[in-house]
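Peer 1: Structure of the sequence below:
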Amino acid sequence: MRTNAQIEDKVKIGNEEVEEVEEFVYLGATVTKDGGGTEDTKKCLNKARGTFFKLVMRISKTQTIGQNTKINLFKTMVQPVLLYGCKAWKIIQKEEKRLDRFQFKCLRKILRIWWPQCVRNETVSGITGVNKISDEIQRK
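Peer 2: Numbers count the residues shown, from 1 in each chain. Predicted coordinates:
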């Protein structure tokens with residue numbers, strides 16, 4: 001696969017011509033000619049949503065488990081699912097906002113902050129000690 005290629009000559013190794021493809025899978029992420037990432041972010045977001053609601057939401061409703069434990073469960077169980085394969089993504093601002101929105105929605109549920117309370121994302125991030133997921137993707 002070529003991206004932003006100026007030369008269109010066939011690539012050869014020895015006497016054998018290398019096959020060109022439109023997309024391939026790398027680390028579980030689909031890499032496309034245009035950089036892709038949209039489909040992979042949707043897949044990871046759906047998997048992370050399922051993980052959050054199946055595992056963490058059950059625990060977040062209980063009052064016997066502390067907030068710090070719930071946040072640590074979110075960090076260890078949901079974030080890795082959301083970030084899987086992100087090194088191969090070409091992420092656009094729309095997708096960054098979608099991922100950040102999901103992350104802060106989950107954290108608000110854990111902290112029991114409801115929408116009429118108007119708490120800013122920076123405040124939630126400060127309380128939980130969790131960086132924005134888009135910043136983590138850019139870092140990786």
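
Peer 1: From here on, just use CA atoms for contacts and neighbour counts.
Peer 2: Noted.

Peer 1: need the next SSE after the strand or helix carrying residue 102, C-terminal direction.
Peer 2: Assigned by DSSP states H and E, residue 102 belongs to helix 93-111. In the C-terminal direction, the helix or strand that comes right after helix 93-111 (DSSP H and E) is helix 121-128.

Peer 1: Just the residues contacting that next one, thanks.
Peer 2: Applying CA atoms under 8 Å, 6 or more residues apart in numbering, the contact partners of helix 121-128 are 68, 71, 104, 107-108, 131-132.

Peer 1: Closest to residue 46 out of these?
Peer 2: Closest approach to residue 46 among those (CA to CA): residue 104, at 15.3 Å.

Peer 1: which among the contacts of helix 121-128 gets closest to residue 14?
Peer 2: residue 132 (47.0 Å).

Peer 1: And the pLDDT for the closest one?
Peer 2: pLDDT, residue 132: 92.

Peer 1: Name the nearest residue to it, sequence neighbours excluded.
Peer 2: Nearest residue to residue 132 in three dimensions, chain neighbours excluded: residue 100, at 6.2 Å (CA to CA, 6 or more residues apart in numbering).

Peer 1: Likewise for residue 17?
Peer 2: Counting by CA to CA, 6+ apart, the residue nearest residue 17 is residue 11, at 5.9 Å.

Peer 1: State the number of residues packed around that neighbour.
Peer 2: Residue 11 has 12 neighbouring residues, counting by other CA atoms under 10 Å.

Peer 1: So what does it have for phi and psi?
Peer 2: Main-chain torsions, residue 11, degrees, to the nearest 10: phi -90, psi 130.

Peer 1: Next one: it, what pLDDT does it get?
Peer 2: Looking at residue 11, its pLDDT reads 81.

Peer 1: didn't the residue nearest to residue 132 look like it was pressed against residue 134?
Peer 2: Yes: the pair residue 100 / residue 134 is scored as a contact, 6.4 Å apart, by CA atoms under 8 Å.

Peer 1: what residue of this structure is the furthest out?
Peer 2: Farthest-out residue of the chain from its mean C-alpha position, per CA atoms, centre = their mean: residue 15, at 41.5 Å.
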